[in-house]
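In: structural data only, the sequence is not supplied:
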């Protein structure tokens, strides 16, 4: 259980770091969302969702579902 909490904390820190990096880069228009997406092989919409933090919410929800199932389906 402690390892899962550590993994979750590490993933949240990585998500926040990426989101902050995107936010810091974008105001100066060093790179557009489309350019970042093209170089990363992702959609511009996905870059936008990462930037807004929407992806973190989805990944947290998916993680909760998987953990609940792995723990025997209990809430």
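Out: Arrived safely, thanks for sending. For clarity, every value in this text was computed on a predicted model and none was experimentally measured.
In: which helices and strands does the helix or strand where residue 62 lies pack with?
Out: Here residue 62 sits within helix 54-70, counting by DSSP states H and E. Contact partners of helix 54-70 among helices and strands, from 3 or more CB pairs under 8 Å, 6 or more residues apart in numbering; DSSP states H and E: helix 2-25. All C-beta spots, glycine's among them, are computed from the backbone N, C-alpha and C.
In: who's in contact with whatever helix or strand comes next after the helix it packs on?
Out: Following helix 2-25 in sequence order, the next helix or strand is helix 33-40 (DSSP H and E). Residues from elsewhere that reach helix 33-40 (CB atoms under 8 Å, 6 or more residues apart in numbering): 22, 25-26, 42-44, 46-48, 51.
In: lowest average confidence, helix or strand, in this structure?
Out: helix 2-25 (a mean of 75; mean pLDDT, DSSP states H and E).
In: and that one, what does it pack against?
Out: By 3+ CB pairs under 8 Å, 6+ apart, helix 2-25 packs against helix 44-52, helix 54-70.
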